[in-house]
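S.K.: From the sequence below, what's the structure:
(chains A and B)
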Amino acid sequence: MTTPIIHMENIKKHYGNVIALNGVTFDLMPGECHCLLGDNGAGKSTFIKTMSGVHQPTEGSITFEGKPLSFESPRDAMEAGIATVFQDLAMIPLMSVTRNFFMGREPAKGWGPFKRFDIDKANEITMAEMRKMGINLRAPDQAVGTLSGGERQTVAIARAVYFGAKVLILDEPTSALGVRQTSNVLATINRVRSQGIGVVFISHNVRHAMAVGDRFTVLNRGQTLGTARKGDINAAQLQDLMAGGQELAVLEGSLGGTI
Amino acid sequence: MSTEMLTHRDERIKSESFATKLMKRPELGAIGGVVLVTLFFLATADRTMFTLSGIMNFMTPAAQLGILGIAAAMLMIGGEFDLSIGSMVAFAGMLFGAFTVNVGMPLILAIPLTLLLAAALGAANGLIVIRTGLPSFIVTLAGLFILRGATLVGLKILTGGATQLRGIREAIGEDFLAPIFSGDAFGFLFRWLAEAGLVDSFKSGVPKVPGIPVEIIWFVLFALAATYVLLRTPIGNWIFATGGDANAAQNSGVPVRNVRITLFMLTAVAAALVAIITVMDAGSTDARRGFMKEFEAIITAVIGGCLLTGGYGSAIGAFFGAIIFGMVTIGLTYTKFDQDWFQIFLGGMLLLAVIFNNIIRRRVTGER
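M.R.: Numbers count the residues shown, from 1 in each chain, chains lettered A, B, ... in the order given. All right, here's what the predicted structure looks like:
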């Protein structure tokens, strides 16, 4: 078996006297989609923020491509190849797709103070990258505000992939999407995975996770409840793990399996 | 690219007409405004308004305001306001007067020093806004009063009690830098045109318009440079991003703090430049210089298509916004109307522009 791209061992994170993470172990293989599941308050956000360099862990170690590593800032993590697509997507609706795609990393032409934004090249790359993800833009100067939620998600993913992500963290990418858009985003995740990029897929929707996940790790109250491979676990078991079991089983009976 | 796009066209997207595309340009409103105002004055004003000297007449105040307006537009696109620019004109004018008259510096020292001090004050505005997280509206409103007051007090100290500092023209004399900041440019061209009979001239053969006032040259160059920076450089993208969503920009690696501070410095430097030009032109400076200019500059930017919420706008729009301003202020004197209609007209323009911009924004973002 290959070595994991990133291995996070026994991560603990305390905020004052609040224990947000109490020993989470997680690893990610290249080309794998590892789903991180958990209910609200389980510690998913804190965990991915630790992985993407926003927070430093109180305890525990991070190994990236076989080397021990500690990220001082999100920038460090980004440069190492860990890209995070947060729920707000870091997209600006009033700006064009191209301008959003290259925001903060504009290709420049020329020298010294006369460096200019190579907009033709940027437009070309944006159109090409979006087509690879299965979205045909009307025009590269289309404002992001005119795209659907799923398309915006795809722009954010395409941007991360284009800028050399080795690990792609997706924070609830499907939470606000319709059925068709969700399937588009899931298809995009599949495409990204096949390029050898490791995907961390955060969700609390078991069905979405089952659709693309290779492994599933469930967090509850800051701890790992366990990691399962695809095929070793079914949706109902995952759901039970996430909710902590008991009450939901009772509820599910009365709701007729609609959750 | 076009063939590719045709083959991949989404059947649910209607093709856009040229008019719709035009509607999405932020400067459209301002250009439309210029056309309307021109038609209005062509119908009502004395014909001398649109002669060469008439045009120079309204372009000069337009240029002085426009330099401020373009800077204000760039800051507004970056998501901030600067209400201290009018007072900054007065304060920088006082500094410049003090350097030339009281200290006796040559322009080569006085001008950079004035610009530098203004830039430092602009940076201070920016730092306070960033550090405190307060709206720039309030921080620079404080600046409006502080700088105006400092100008009054400063002028009294410098002159021994007066609020006007005279003798600047005499102090400058025949400085080699003076023609860049005052007087008329391209005089030779106008003399040549007069000799050839292409422009109006007095009986002596001297052209009626001796040249293009330098502020108009500065105005045009600044508009071109600002447009280039906004649309064709990485920094331009950062300005739009900072104003559009500072958090998203920050997360994408845009140096949001530096962008903001630089923009505050830019508005202050633009104010100082206007101060230097107008003070050299008048030969004196007083405490009321630049009075209300902060609001006029913001109106210029809004008429030019800037959204009050930031992230959208154009320097060319502000350029035309300033021209509308100049035409209306000066143009009314060419008509039979009372000149005080000007403020009513201006308020109306502002209201229309804001409503119009709001509609445009919905169209651009496809909001329903």
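S.K.: Next, the buried residues of the helix or strand containing residue B:110.
M.R.: According to DSSP states H and E, residue B:110 maps onto helix B:107-132. Within helix B:107-132, the residues scored as buried using 16 or more other Cβ atoms under 10 Å in any protein chain shown are B:107, B:110-111, B:114-115, B:117-119, B:121-122, B:124-126, B:128-130. The way it works is simple: take the backbone N, C-alpha and C, and place the C-beta from them, glycine included.
S.K.: One more: stretch A:89-107?
M.R.: Judged by neighbour count using 16+ other Cβ under 10 Å, the buried positions of stretch A:89-107 are A:89-106.
S.K.: do stretch B:65-79 as well
M.R.: B:65-79.
S.K.: Nearest to residue A:177 among the residues you listed?
M.R.: residue B:79 (28.9 Å; Cβ to Cβ).
S.K.: dump the residue contacts of that closest one.
M.R.: Taking Cβ atoms under 8 Å, 6 or more residues apart in numbering or on different chains as the criterion, residue B:79 is in contact with B:242-244, B:246, B:260, B:309-311.
S.K.: and what of residue B:335?
M.R.: Contacts of residue B:335 (Cβ under 8 Å, 6+ apart): B:41, B:44-46.
S.K.: need the helices for the stretch 1-150 of chain A, in chain order.
M.R.: Ranges of helices in the stretch 1-150 of chain A, per DSSP state H, counting those that start in this stretch, are A:44-51, A:74-80, A:97-101, A:119-132, A:149-162.
S.K.: could you dump the ones you listed to JSON lines with mean pLDDT?
M.R.: Listed next are the helices of the stretch 1-150 of chain A as JSON lines, based on pLDDT from 0 to 100:
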{"stretch": "helix A:44-51", "mean pLDDT": "87"}
{"stretch": "helix A:74-80", "mean pLDDT": "81"}
{"stretch": "helix A:97-101", "mean pLDDT": "92"}
{"stretch": "helix A:119-132", "mean pLDDT": "90"}
{"stretch": "helix A:149-162", "mean pLDDT": "89"}
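S.K.: As JSON lines, the contacts of residue B:79 with distance to chain A would be great.
M.R.: JSON lines is the format used below for those (distance: Cβ to the nearest Cβ, whole Å):
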{"residue": "B:242", "distance to chain A": "10"}
{"residue": "B:243", "distance to chain A": "9"}
{"residue": "B:244", "distance to chain A": "4"}
{"residue": "B:246", "distance to chain A": "10"}
{"residue": "B:260", "distance to chain A": "15"}
{"residue": "B:309", "distance to chain A": "9"}
{"residue": "B:310", "distance to chain A": "9"}
{"residue": "B:311", "distance to chain A": "5"}
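S.K.: Out of those residues, grab the one that's most surrounded.
M.R.: The most neighbours of any of the contacts of residue B:79, using other Cβ atoms under 10 Å in any protein chain shown, belong to residue B:243, which has 30 neighbours.
S.K.: From what I see, that residue and residue B:77 are in contact.
M.R.: Yes: with contacts counted by Cβ atoms under 8 Å, residue B:243 reaches residue B:77, the gap being 5.0 Å.
S.K.: intersection of neighbour lists for these two?
M.R.: Residues touching both residue B:243 and residue B:77 by Cβ under 8 Å, 6+ apart: B:310-312.
S.K.: Any idea which helix or strand in chain B has the lowest mean pLDDT?
M.R.: The weakest-scoring helix or strand in chain B, judged by mean pLDDT, DSSP states H and E, is helix B:2-7 (a mean of 42).
S.K.: Tell me which residues of the helix ranked longest in chain A come out buried.
M.R.: Across chain A, the longest stretch assigned as helix under DSSP state H is helix A:179-194. Neighbour counts using 16+ other Cβ under 10 Å place A:181-182, A:184-186, A:188-189, A:191-193 of helix A:179-194 among the buried residues.
S.K.: Return the most buried member of the helices of the stretch 1-150 of chain A.
M.R.: Burial of these is given as mean neighbour count (mean count of other Cβ atoms under 10 Å in any protein chain shown); helix A:97-101 ranks first at a mean of 27.
S.K.: Kind regards, and thank you for your time.
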